[in-house]
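Asker: structure for this input, please:
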Amino acid sequence: MNIKEIINEFEAKPYLIRMGKGSLSKRLKATTSDILKAKKEFYNRSKPTKREPRILVLDIETAPMKAYVFNLWKQDVGIEKLIDDWYMICWSAKWLFDNKVLGDVLNSDEAKSQDDRRITLSLSKLLDEADIVITHNGKRFDLPRINARMLIHQLRPVTPYQNIDTCEIAKRQFGFSSNKLDFLARVLGMDTKLKTDFQLWSDCMEGKQEALDYMYKYNNWDVEVLEAVYLRLRPWIKNHPNLSLYYECDEPICPNCGSPHLTAKGFYYTSANKYQVYQCECGAISRVRTSAIHPDVKGLILNNNLQY
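Answerer: Next comes the predicted model:
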């Protein structure tokens, strides 16, 4: 079988491209040299059909709760001591790599009356478009808070999305002295968050327009910082949502960034199998799901995981 015929086989049966050159040589009755040439030409022809994942970088700002307390330290504040509950002041978001920052903020009257229905509705509509949402401490804070406000305002759930929480990733995979977003940005040599103090929140709760405007600016910049931190962490994220599922292509795709520009980096071995390992231009390392061991050889491999 010549190179053109091999490529025709690849096009008719895409799964063949993932087989080793030795197995293909026997199966297609072709030389290993022609197999490699056919694979290279086939890969050059294969351009990914993108169904771009919608990745949203998100952050919200909320008002603090007001409560009666008798002391400053170690307070167990009961519900009967609560004066005013928290609510959302503003939200900011941007689609990954997009220059435009989206968002919404309470106006003065809404802040005074603690009415965040309008901005909760606008946020829910945006979340409904997202496949993946990037947050910092969003799993514990932003996302449950958003859900709470949506339920209070009798809004419907949004379509399912996956969450990437940079705070959790920093805690799980690294040993930073602090996992706060501002600290991560600083130690990674990036622009840090804007400076604020509690007076800003107090002024926002009083409906001061200047404070609300600055809070929105502060929120917008947080999203820019979060995007930069996420991109630095991305090659290290082991459980990143698999972006290769969004591309239709017969060549390996990086699960972290979606790029087809991968370099073979040897093999990953288990107790009874081995898999081809790739490193992407973004730095992420991944492996194929199919075994690199020929089925005839695999049956001869011994396993010492015996139960006595």
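
Asker: now the protein, which segments are flagged as low pLDDT?
Answerer: 15, 45-51, 296, 298-300, 302-308 (pLDDT under 70).

Asker: domain assignment for it?
Answerer: 1-46, 55-68+79-235, 249-308 (automatic domain parsing).

Asker: for Asn242, which of those is the nearest?
Answerer: Set against Asn242 and scored by C-beta to C-beta, the domains of the chain come closest in domain 249-308, at 4.4 Å. No exception for glycine: its C-beta is placed from N, CA and C like everyone else's.

Asker: can you give me the strands for the stretch 151-300 of the chain?
Answerer: Using DSSP state E, counting those that start in this stretch, the strands found in the stretch 151-300 of the chain span residues 162-165, 247-248, 262-269, 274-280, 285-287.

Asker: given the shortest one, what are its sheet partners and their directions?
Answerer: So the one you mean is strand 247-248. strand 49-50 (antiparallel) (DSSP bridges).

Asker: and if you look at the fourth one?
Answerer: Note on strand 274-280: by DSSP bridges, its sheet partners are strand 262-269 (antiparallel), strand 285-287 (antiparallel).

Asker: can you tell me which of those strands is packed in deepest?
Answerer: Of those, the one with the most neighbours on average (mean count of other C-beta atoms under 10 Å) is strand 285-287, at a mean of 19.

Asker: and the contacts of it?
Answerer: 235, 252, 254-256, 262, 265, 268, 275-280 (C-beta atoms under 8 Å, 6 or more residues apart in numbering).

Asker: so can I have CSV of those residues showing distance to Leu212?
Answerer: As requested, the contacts of strand 285-287 are exported to CSV (distance: C-beta to C-beta, whole Å):
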residue, distance to Leu212
Pro235, 38
Pro252, 48
Cys254, 41
Pro255, 41
Asn256, 37
Leu262, 47
Lys265, 51
Tyr268, 52
Tyr275, 53
Gln276, 54
Val277, 51
Tyr278, 48
Gln279, 46
Cys280, 42
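
Asker: in PyMOL, how would I select just the buried ones from the residues you listed?
Answerer: To isolate the buried ones among these in PyMOL, judged by 16 or more other C-beta atoms under 10 Å, type:
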select buried, resi 235+252+254+255+256+262+275+276+277+278+279+280
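
Asker: and the strands in the stretch 1-150 of the chain?
Answerer: Using DSSP E, counting those that start in this stretch, strands in the stretch 1-150 of the chain cover 49-50, 55-62, 66-67, 82-84, 88-95, 102-105, 132-135.

Asker: so can I have JSON lines of the domains of the chain showing distance to Leu243?
Answerer: Putting the domains of the chain into JSON lines (distance: least, C-beta to C-beta, whole Å) gives the following:
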{"stretch": "domain 1-46", "distance to Leu243": "17"}
{"stretch": "domain 55-68+79-235", "distance to Leu243": "8"}
{"stretch": "domain 249-308", "distance to Leu243": "4"}
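
Asker: which one of these lies closest to Pro241?
Answerer: That would be domain 55-68+79-235 among the domains of the chain, by C-beta to C-beta, at 4.4 Å.

Asker: now do that closest one: distance from first to last residue.
Answerer: 16 Å (C-alpha to C-alpha, to the nearest Å).

Asker: swap in stretch 136-144?
Answerer: 13 Å.

Asker: that older thread, which one of the contacts of strand 285-287 is nearest to Asp116?
Answerer: Distances from Asp116 to those, taken by C-beta to C-beta, are shortest for Asn256, at 34.7 Å.

Asker: does that closest one touch Leu233 like I think?
Answerer: No: assessed by C-beta atoms under 8 Å, Asn256 is found out of contact with Leu233, at 10.0 Å.

Asker: any idea what the closest residue to Tyr278 other than its chain neighbours is bridged to?
Answerer: Residue nearest to Tyr278 in three dimensions, not counting chain neighbours: Leu262, with 4.0 Å by C-beta to C-beta, 6 or more residues apart in numbering. Beta bridges link Leu262 to Cys280, judged by DSSP bridges.

Asker: what sits against Leu262?
Answerer: Pro252, Ile253, Cys254, Tyr278, Gln279, Cys280, Glu281, Ser286.

Asker: distance-wise, check the residue nearest to Asp213 when sequence neighbours are not counted relative to Gln209.
Answerer: The shortest distance from Asp213 to any non-neighbouring residue, by C-beta to C-beta, 6+ apart, is to Val105 (7.7 Å). Here the criterion is C-beta to C-beta, to the nearest Å. By it, Val105 lies 10 Å from Gln209.
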